[in-house]
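J.: Any chance you can model this:
(2 chains)
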Amino acid sequence: MPRGQSVFRDETKLDINYVPSKLPHREQQLRLLKEFFSFALQSPERMAQRVLITGDVGTGKTALCQRFGADITHEASTRGIKLRYIHVNCREYRGSLFLILQHVVSIFHPNFPKRGYSPEEILRTLIQILDEENTYTILSLDEFESLVEKEGQEAIYKLTRLQEMRQNKPQRLSLISIMRSLKAIEQLDASTRSTLQSNIISLQRYSKQQLIDVLNDRVLLAFKPSVVPEGTTGLISELAFSENGNARFGIELLWRAGKYADAEESDTVLPEYVRQAVSSIVPAVRRSDLATLGFHEKLLLLAIARLFKENQKASVLLAEAERAYAVACEEFDASPNSHTQLWKYLKDFTNLGIVETEVSGSGSRGRSTTISLPRIPAHELETELKNLLEKEGQNQ
Amino acid sequence: MKIEDVFCSKIRMKILTILNNVGELNVSEIARRLKINYVSASTHMQTLEGEGIVQHKMFGRIRLYRLNEQSPKAKAVQNLIDVWEHQKRE
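T.: Numbering: from 1, shown residues only, chains lettered A, B, ... in the order given. Take a look at the predicted model:
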């Protein structure tokens, strides 16, 4: 391939936000989801649906919902029904019901004030807007766990029982809750749980062959003809399969391997580039996971990565991390958050599997938290975070 | 109100330009953008609403103002601002 030419035809087709027109091996689940919402295309005012979608990371939950959303809104518009599909990642809104609803309202009224009212008021506002515009909404709450964790029972109850407070009025808001497993909702009381659990779609992990099919579809869309040999997709599917059948990981690997091929000015995405890509991307933490972190979470993690990079130690203290964080804040022109907030961030990183923490036991005076970074090379993490933070800075 | 009384105010012209550009806003946000106090912004909004140029909609306690789409006066104001802004860009 001549110098400067790329193996990609359209690399956006490998982007995490791209929703393919067909979803290999998820056709049945898509049909089922459409079946659950068939009423929305006939008499949407008669009911509001609640569906729960579960499945591990990279089993196609988000893609399934997005595809469904695009299909059903298209179908509704041909029938003259005003139906909106809104997909919200709860973690991006720190699991706050208020922020999530604020975002939904801002889709209808972009300049709706950002403060000065309660979650209940904004929920009522949303329904008022939907009533006035005679619109029906299917709200997908991705990473639903974070909403349950942050808001607990009451918020979920309010969301699911909303319609009961407005008897004999059109039903406006249906919910799709997307989560990794049902474990997160075990803490909810039986009645709230039962309203959520009436319709469950479970996505199983992809098999190796299924992963190959998913990858081949994307290869056709994203790459020039015949630049990705069979061996490459085979190797990627093996790797993605060993990562719990995670298709998203496989697609990301495919993109990175393509980038390595471009960097080497090769006209073929050889398996060797996959090996290079896999060593540069640590499966436990993906770009997508890092991208969903908040600005200050990224700063703290950047500080931790730098500490490990400079010290070559097995663990660092939270106090050290806090000092490094203050430096990072200065660099990015932000005022540092409090200790308690940082401690919360650290807990989130632990939940995501990015770091591990240990609190010193009894016997010593006071308690100190030690942090270790067992899975990710510090320099990789630093580079990734720095890129993300700089991008964020440019967008501001 | 006479036409010169409505349009003699710099602030009111700025409010109309902002609403024409962004669609709808609450009084606090109008006040913030124009760096004037809330009461002053609110008074101007009442004047403009009294003339039928703007209208408001309530969402609970939130009041959002926008140009009154049904009003010929608002349409005339919109045309004036659009022509003015367009010429400025040329």
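
J.: Please identify the helix or strand for residue A:88.
T.: Of the helices and strands defined by DSSP states H and E, residue A:88 is found in strand A:83-89.

J.: Can you list the helices and strands that that strand packs against?
T.: Packing partners of strand A:83-89 (3 or more Cβ pairs under 8 Å, 6 or more residues apart in numbering or on different chains; DSSP states H and E): helix A:61-78, helix A:97-108, strand A:136-142. (Each C-beta comes from the backbone N, C-alpha and C, glycine too.)

J.: buried ones in the second one?
T.: In other words, helix A:97-108. For helix A:97-108, a neighbour-count test (16 or more other Cβ atoms under 10 Å in any protein chain shown) marks A:97-102, A:104-105, A:108 as buried.

J.: Flag the shaky bits of the chain, pLDDT-wise.
T.: Since you didn't name a chain, this refers to chain A. Applying pLDDT under 70 to chain A picks out residues A:1-4, A:281-287, A:312, A:361-365, A:374-375, A:394-396.

J.: Chain B contacts on that one?
T.: Contact residues, chain A versus chain B (Cβ under 8 Å from any Cβ of the partner chain): A:109-113, A:116-117, A:121, A:124-125, A:128-129.

J.: what about 10 Å?
T.: Within reach of chain B by Cβ under 10 Å from any Cβ of the partner chain, chain A has these residues: A:105, A:109-118, A:120-126, A:128-129, A:132.

J.: returning to that earlier point: let me have the helices and strands packed on strand A:83-89 in TSV, adding distance to residue A:7 as columns.
T.: As requested, those are exported to TSV (distance: least, Cβ to Cβ, whole Å):
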stretch	distance to residue A:7
helix A:61-78	24
helix A:97-108	37
strand A:136-142	31
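
J.: quick one: which of these is nearest residue B:62?
T.: Proximity to residue B:62 (Cβ to Cβ) singles out helix A:97-108 among the helices and strands packed on strand A:83-89, at 9.8 Å.

J.: which ones are touching the most centrally placed residue in chain B?
T.: What sits nearest the mean C-alpha location of chain B, by Cα atoms, centre = their mean, is residue B:16, with 3.1 Å. Listed by Cβ atoms under 10 Å, 6 or more residues apart in numbering or on different chains, the contact set of residue B:16 reads B:6-7, B:44, B:48, B:53-54, B:67, B:74, B:77-78, B:80-81.

J.: In helices, which of the residues of chain A next to chain B appear?
T.: A:105, A:120-126, A:128-129, A:132 (DSSP state H).

J.: Buried residues, stretch A:243-258. List them.
T.: By neighbour count with 16+ other Cβ under 10 Å, stretch A:243-258 contains the buried residues A:243, A:245-258.

J.: roughly how far apart are the residue nearest to residue A:19 when sequence neighbours are not counted and residue A:104?
T.: Leaving aside its sequence neighbours, residue A:19 sits nearest to residue A:66 (Cβ to Cβ, 6 or more residues apart in numbering or on different chains; 4.2 Å). Here residue A:66 is placed at a distance of 16 Å from residue A:104 (Cβ to Cβ, to the nearest Å).

J.: can you check residue A:206 too?
T.: On the measure of Cβ to Cβ, residue A:206 and residue A:104 end up 31 Å apart.

J.: can you pull out the helices in the stretch 101-250 of chain A?
T.: For the stretch 101-250 of chain A, the helices defined by DSSP state H, counting those that start in this stretch cover A:119-132, A:144-160, A:190-196, A:208-222, A:230-242, A:247-263.

J.: From the chain's centroid, how far away is the last one?
T.: The gap between where helix A:247-263 is centred and where its chain is centred comes out at 19 Å by Cα atoms, centre = their mean, to the nearest Å.

J.: From the contact counts, what lies against that helix?
T.: Using 3 or more Cβ pairs under 10 Å, 6 or more residues apart in numbering or on different chains; DSSP states H and E as the contact criterion, the elements in contact with helix A:247-263 are helix A:61-78, helix A:208-222, helix A:230-242, helix A:271-280, helix A:287-291.

J.: okay, the angle between the longest one and helix A:247-263?
T.: This points to helix A:61-78. With axes from the mean of the first three to the mean of the last three Cα atoms, to 10 degrees applied, the angle from helix A:61-78 to helix A:247-263 works out at 100 degrees.

J.: got it, and the third one?
T.: In terms of direction (the same axes, to 10 degrees), helix A:230-242 departs from helix A:247-263 by 140 degrees.

J.: number of nearby residues for the nearest residue to residue A:318 once chain neighbours are set aside?
T.: With Cβ to Cβ, 6+ apart as the criterion, residue A:318 has its nearest non-adjacent residue at 4.0 Å, and that residue is residue A:369. Under the neighbour criterion other Cβ atoms under 10 Å in any protein chain shown, residue A:369 is assigned a count of 17.

J.: Leaving aside the residues adjacent along the chain, what's closest to residue 73?
T.: No chain specified, so I'll use chain A. Closest residue to residue A:73 apart from its sequence neighbours, by Cβ to Cβ, 6+ apart: residue A:85 at 5.0 Å.

J.: Can you look at chain B instead?
T.: Take residue B:73 and drop its neighbours on the chain: the residue closest to it by Cβ to Cβ, 6+ apart is residue B:53, 5.1 Å away.

J.: which residues sit in contact with that neighbour?
T.: Going by Cβ under 10 Å, 6+ apart, the list of residues near residue B:53 reads B:6, B:12, B:15-16, B:19, B:47, B:67-68, B:71, B:73-78.

J.: Kind regards, and thank you for your time.
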